[in-house]
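Chemist: Show me the folded form of this:
(2 chains)
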2 protein chains.
Amino acid sequence: MTALDHARAQGEQYRQQLHDLLRIPSISTDPDYAGEVLRAAEWIAADLRRIGAANVEIMPTGGHPVVYGEYRAAGANALTVLVYGHYDVQPASMEDGWDSEPFEPVERDGKIYARGSSDDKGQMFIHLKAFESLLANGGCPVNLKFVLEGEEEIGSANLQRFIQQHADKLTADVCVISDTGMRDIKQPAIIYALRGLTYMQLDVQGPARDLHSGGYGGMVHNPALALAQIIAKLHNADNSIAVPSFYDDVLALSDLEREQLAIQDIPLEKLRAETGVSADWGESAFTRRERISARPTMEINGLLSGWTGAGAKTVLPAKAMAKISCRLVANQDPQKIYELVRDYIASITPPSITAELTLINGGDPAIVDLSGAPMQAAVRAYERGWGVAPIFAREGGSIPVVADFKRILGIDSILMGFGLNTDGAHGPNEHFVIEMFHKGIDTAISFYEELGKQGA
Amino acid sequence: MTALDHARAQGEQYRQQLHDLLRIPSISTDPDYAGEVLRAAEWIAADLRRIGAANVEIMPTGGHPVVYGEYRAAGANALTVLVYGHYDVQPASMEDGWDSEPFEPVERDGKIYARGSSDDKGQMFIHLKAFESLLANGGCPVNLKFVLEGEEEIGSANLQRFIQQHADKLTADVCVISDTGMRDIKQPAIIYALRGLTYMQLDVQGPARDLHSGGYGGMVHNPALALAQIIAKLHNADNSIAVPSFYDDVLALSDLEREQLAIQDIPLEKLRAETGVSADWGESAFTRRERISARPTMEINGLLSGWTGAGAKTVLPAKAMAKISCRLVANQDPQKIYELVRDYIASITPPSITAELTLINGGDPAIVDLSGAPMQAAVRAYERGWGVAPIFAREGGSIPVVADFKRILGIDSILMGFGLNTDGAHGPNEHFVIEMFHKGIDTAISFYEELGKQGA
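Modeler: Next up, the predicted model:
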C-alpha cells in the first residue's frame, strides 16, 4: 500500500476529523473567543502528536499562540520543508446569511460548508493528513516543520517577530503554504509571484488655516488643487508611472511567463461584468493579467480635503491629503520606491505650498524561480494529482508572510492553494470542495515524495 | 441748525438708543430666541414710527419678519432710496471669550462692545438716525423705504421670495446697504463690485464597488486618480482657467479701476503674515488685489475618496468627489459658467470612468457704475464725512441680496460700510468704533442730501 492508497482509504475519516476542527469557533478577532482559539491550537497539537510529529508545542506569541511540530526522521541529507498555515478564522453567524450553522459543518453537493473549511483549516489540514498518510506507509521522505498560526485573520501582527525570535529553530529549505485559491477546478495553478507594497501618505499644506475663498481665492494656491496637480503628474500619458527610475529594478517577464499569463488573461467582457467599468485602463504594452500581477502600479487609495458634506461651503482649505500606494514586483524594494516617489514629488512641488510624503508601511514582492527544484517538484505533484500540468500564476496582492520567510529565513514559499476563488472565504456559506480536499492530500503527498528524491 | 448739527447734538442720545437695541438678544439661528428676534423687530418698528416713518409694519415671511417703513414726503420728483439692513445677530456667550456680557453693551476705549454693535444693528441704526436728523431739520430730501430683515445671519432664506412678492411696493431708484467693513479708519472706501459664485460638485465613478487594489490595480482606472487628472486640467500652466470661453464675459478693468486697486494691493509680506504661505499664486498679469476681487477664480473646496483614516487600506475606491466653485465677476453668468465647466469636463473625461458635474448653487456678480449719479453722491458724502475722497474697492466675496435687488428690482446697491475689518463681527468682543458710528450718520445725511440734489 502506498501513502496515496492510504489517504484514499482514510478519506472519510480524515473528513470527520476536519469536521471536529471546524466545530471549534477559533475567531481570532473577538477576545470572547480567545479560549476557543486556544482550544483549536490544542486540538491540532494533539493531532500532530497522534500522527507522530516530534517536539509538538504550543508556542506563545504576543497574541494567539503558534502550534509547532516537526519531523526530522528523513535525516540530515533530506530536504526540510516548513509548512505554514493558520487555524484561526473570520467571525461568522447565521445573521450574515448562512444557510447552515457556520460552526456545525455539513456536507452537501460535494462541499463541506463551515467557517474555515477553505480558509484555512481545511487547506492546512491537507498537510497534516498527507504527513499522516506518509508516516503510516514507510515514513515521510522530507523533514517537516509545522508553523501553524492563530492570528492570520487579524494581520499576523506577532508572526514576523516570532520568526525572528525562532529563526534558528525554523531553518528549512523551502516553505509550502496552502492558503490561496485557484480559478478552475480542472486546471491547477501554482502562484509563483506576489506583489509587494509601498503605502504612503501625501500631505499638502497651503495656508496655515482654512481661508474664505472669496477673500483669498486667486492669490493663494489651493492645496486641494495643488494635490490634484501633483497626483496628475505621477503617471505619464501612456498610464505608466512617471517617477524617474521607478521601473529600474523590475524583473522582465520571460517568454515562458508571458505565455503562461496569456492563457490566464482577463477578457474585457469579464472585467466589465465583474466591476461595472466600460473600458479598461493601464499600460497598453501589457495584457490585463500582466498589468495586475507582473507590473508595478500606483493607486490613489484615498483623498481628503476641506468640505465633504452635502451642499456648499466656500472654504479655501488649509490642507489636502492623499493615500498613495504602489504594488511592487520583483526585484523592487519598498523603501527605495518610497524614496524615489518622495524625491520626485519634492521636485515637482511648487513654492506656493508644502508637500510631505510619509511612508506608512511596505512589503517586499516575492517570486519563485520556475525552474528551481522545489517548483519542479510541485509541478510534478500537481501533474500526478490532476493529470494535467499546472499553469504558473501570479497574484496581484501580497502575502506578507511569504516576504517574511524570504527575508528572515532566506527561503522561497511554494503556494499550493487548493481553495477555489468561489469558496466564499470571509463571507457567508464558506465551503471547501471535497474533491479539492482529497486531491490536495494526494498532491501534498506527491510533493513531499518528489522533494524526497532531491538531496538537501 | 442743520441735520448734521442735529446729529452731533443728539449723538449721546442716539448711542443710548442703540444700547437699548443691542440689549435684545435677537439670535436668529436659535429657535429659543424667536421671541427676542420679534422683540427687536418691534423695537425698530416703534423707533421708525416715533421718528416719523409712514406705513411702518412688521411684515411676515416664511421665517423671522421684515420691518418695513417708508417716507414719501420728498415727493414724486425726488429719488427713492431702499435702505437694507438686518437686526438679527450671531449667537454669543461669555464662554466664547467675551470680556463683558455680549448683550450688555459697554463703551470703553472709544468703542461700543456688544453682539451686533457692528454687524449689523449699529450700521443699520446709522440710517435711522440720519433719517431722524433730517426729519427734525426740514425733512428728508429723498424718499426712503426701509427693508430691515431678521434672517441675514442664517442666510436670508426667505428674503428673495419676499422681494419677489413685494416687488411693486419696493420699487426704488437705488439701494443703500451698510453691512460691510473698511480697512482703514482714515481712508473711507466704497465697495462697488462683488464677486458671484457657481458652486458645483464633481462625482467620478470608477468600478461599481470598492475593489482590492492588488486584484484590480493596473487594469481599472482609479477614480481618485481620474478625479485628480481632471482637476489638474482645469487650470493652464499660467494659473488661468482652462475652460474654453470661461473669460468671454469678463468686464475688463478700466484705467481708473486698476489705479484704485493698485493703491489697495496686498504686499506679499502681509499675505505671508496673514496666511503663513511662503509664495503667492495666481495670474501674474494681475495684482494680488485684482486677482482676489476683479478676476474670476476656480477653487477646489473639498475632496473625498476611499480611505481617509489613519494608516493603510489598500482599496481601489469606487468613486471620488470634489467640491468645485468659481468666483465670478461682472458680467459672468453663474448658469452659463456651470454649463461651460460641465461641457469642458465632459470633453476631457476618459472612457474608463464616468464624471458628473452637478450645480449646487449660484449667485450673480454685482458691479455699480463708478460714474453714475448715486455713486457720485456717495463719493461726495464720504468727502464731507471724512475730509478725504473715498477709494473704490471690490469685495472678493458675495452679498447675495445685492444680486437679488439688481435682478428683481433692477437697482444698484451702494455699499456704505462703516464697520472696520477689525470689529470682530461673528467673534467674541464684537465692537463698533464710536467715531465710525457718528461719522456714519454724518455721511448718510450727506448721501441723502446729495441724492436730493438729483431728480428722480
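
Chemist: Near chain B, which residues of the stretch 101-250 of chain A are found?
Modeler: Selection of the stretch 101-250 of chain A residues close to chain B by CB under 8 Å from any CB of the partner chain yields A:195, A:197, A:199, A:206-209, A:211-222, A:224-225, A:227-229, A:231-235. Where you see a C-beta, it was placed from the backbone N, CA and C, and this is true even at glycine.

Chemist: Which of the residues you listed fall in strands?
Modeler: Here DSSP state E is the test, and those give A:197, A:199, A:211, A:212 as lying in strands.

Chemist: For chain B, what is the nearest residue in the stretch 251-400 of chain A?
Modeler: residue A:397 (2.7 Å; CB to the nearest CB).

Chemist: what's the closest non-adjacent residue to that residue?
Modeler: Nearest residue to residue A:397, sequence neighbours excluded (CB to CB, 6 or more residues apart in numbering or on different chains): residue B:214, at 2.7 Å.

Chemist: doesn't residue A:394 make contact with the one you found?
Modeler: No - if you go by CB atoms under 8 Å, residue B:214 and residue A:394 don't touch, sitting 10.8 Å apart.

Chemist: so what sits against both of these two?
Modeler: residue A:195 (CB atoms under 8 Å, 6 or more residues apart in numbering or on different chains).

Chemist: picking that back up, give me the phi and psi for the residue of the stretch 251-400 of chain A closest to chain B.
Modeler: Backbone torsions of residue A:397, given as degrees, to the nearest 10, read phi -90, psi -160.

Chemist: Show the contacting residues for it.
Modeler: Applying CB under 8 Å, 6+ apart, we find residue A:397 in contact with A:194, A:195, A:327, B:212, B:214, B:215, B:314.

Chemist: again, but for residue A:390
Modeler: A:187, A:188, A:189, A:190, A:378, A:379, A:382, A:383.

Chemist: Mind checking which of these land in helices?
Modeler: Taking DSSP state H, the ones among the contacts of residue A:390 that sit in helices are A:378, A:379, A:382, A:383.

Chemist: got a markdown table for these, with pLDDT and distance to residue B:79 too?
Modeler: As requested, those are exported to a markdown table (pLDDT from 0 to 100; distance: CB to CB, whole Å):
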| residue | pLDDT | distance to residue B:79 |
| --- | --- | --- |
| A:378 | 96 | 96 |
| A:379 | 96 | 97 |
| A:382 | 95 | 96 |
| A:383 | 94 | 100 |
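
Chemist: ok, and the most crowded of the residues you listed?
Modeler: residue A:378 (27 neighbours; other CB atoms under 10 Å in any protein chain shown).

Chemist: Make sure that one is actually in contact with residue A:190.
Modeler: Yes - with contact defined as CB under 8 Å, residue A:378 counts as touching residue A:190 (5.6 Å).

Chemist: joint contacts of these two?
Modeler: Contacts common to residue A:378 and residue A:190, judged by CB under 8 Å, 6+ apart, are A:390, A:414, A:416.

Chemist: Endpoints of stretch A:342-355, how far apart?
Modeler: End-to-end distance for stretch A:342-355: 9 Å, by CA to CA, to the nearest Å.

Chemist: And that stretch, what's buried?
Modeler: A:342, A:344, A:345, A:349, A:352, A:353, A:354, A:355 (16 or more other CB atoms under 10 Å in any protein chain shown).

Chemist: same question, stretch A:163-171
Modeler: A:163, A:166, A:170.

Chemist: In chain A, where is pLDDT below threshold?
Modeler: Scanning chain A for pLDDT under 70 picks out A:455-456.

Chemist: Looking at it, which residue reaches furthest from the middle?
Modeler: The outermost residue of chain A relative to its centre, with distances by CA atoms, centre = their mean, is residue A:215 at 51.1 Å.

Chemist: Surely it and residue B:293 touch.
Modeler: No - using CB under 8 Å, residue A:215 and residue B:293 do not qualify as a contacting pair, with a distance of 9.2 Å.

Chemist: Can you check which residues contact both of these two?
Modeler: Between them, residue A:215 and residue B:293 share these contacting residues under CB under 8 Å, 6+ apart: residue B:396.

Chemist: ok, and what's touching stretch A:120-131?
Modeler: A:3, A:7, A:10, A:14, A:17-18, A:21-22, A:44, A:47-48, A:51, A:53, A:71, A:83, A:85-87, A:89, A:112, A:116, A:140, A:144, A:146, A:148, A:152, A:176, A:178-179, A:417-419, A:432, A:437, A:440-441, A:444-445, A:447-448.

Chemist: ok, which pair from the contacts of residue A:390 is furthest apart?
Modeler: Using CB to CB, the contacts of residue A:390 reach their maximum pairwise distance at A:187 and A:378, which is 15.0 Å.

Chemist: could you list every residue that touches the most centrally placed residue in chain A?
Modeler: Among the residues of chain A, the one closest to the centroid is residue A:399, at 2.9 Å (CA atoms, centre = their mean). Contacts for residue A:399 (CB under 8 Å, 6+ apart) come out as A:177, A:179, A:180, A:194, A:366, A:413, A:415.

Chemist: again, only using 7 Å
Modeler: When contacts are counted by CB atoms under 7 Å, 6 or more residues apart in numbering or on different chains, residue A:399 touches residue A:194.

Chemist: And residue A:177, by the same measure?
Modeler: A:84, A:413, A:415 are the contacts of residue A:177 under CB under 7 Å, 6+ apart.

Chemist: quick one: which of the residues you listed is most hemmed in?
Modeler: residue A:84 (28 neighbours).

Chemist: quick one: that residue from residue A:14, how far?
Modeler: 20 Å (CB to CB, to the nearest Å).

Chemist: swap in residue A:83?
Modeler: Distance from residue A:83 to residue A:14, by CB to CB: 16 Å.

Chemist: who has more neighbours, these two?
Modeler: Taking residue A:83 and residue A:14 together and counting by other CB under 10 Å, residue A:83 has the greater number of neighbours (25 against 22).
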